[in-house]
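In: Sequence first, predicted model second:
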Amino acid sequence: MNRQTKRLMQRQGQMGPDGEPARRVASSSGGPRGPRTPQPKSEPRARRIATYFNEVRIELSKVLWPKRSEVVNYSTVVLTTLVFLALLIFGLNFVFARGVVFLFKS
């Protein structure tokens, strides 16, 4: 379970602040979903944005970035495949167009 899911579950009252599942209280008040839990005070917007970018930086530091030679190899394979398929589609289109013109030529 990631941090985002934990925070969401805490906001919904499904998980306590210590990470343990919250106990459900059987009660007839509060409708079919049970009693409403008070919403915690939200952080200021600037603080949330700073936290978001800090977490993005941390996650990006965990990424295994490819080496330059790997990027060049993968790019070469992709571009070669792209050119081959484009030429194949062009050739088939040309052949079928000529065939249709030949068949319906009056």
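Out: On my side now, so go ahead. Residues are numbered from 1 along each chain as shown.
In: give me the low-pLDDT residue ranges for the chain?
Out: 1, 17, 19, 24-37, 106 (pLDDT under 70).
In: what about the helices in it?
Out: According to DSSP state H, the chain carries its helices in the segments 3-11, 45-61, 68-104.
In: right, so these: which one is the most enclosed?
Out: Compared across those, helix 3-11 shows the largest average neighbour count, a mean of 12 (mean count of other CB atoms under 10 Å). Every C-beta, even on glycine, is put in place using the N, C-alpha and C of the backbone.
In: Please convert the helices of the chain to JSON lines, extending it with distance to P38.
Out: Rendered in JSON lines, the data for the helices of the chain read as follows (distance: least, CB to CB, whole Å):
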{"stretch": "helix 3-11", "distance to P38": "11"}
{"stretch": "helix 45-61", "distance to P38": "20"}
{"stretch": "helix 68-104", "distance to P38": "51"}
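In: Let me know which of those helices is the nearest to Q39.
Out: Proximity to Q39 (CB to CB) singles out helix 3-11 among those, at 7.3 Å.
In: That closest one vs helix 45-61, what angle?
Out: Calculated by axes from the mean of the first three to the mean of the last three CA atoms, to 10 degrees, helix 3-11 forms an angle of 140 degrees with helix 45-61.
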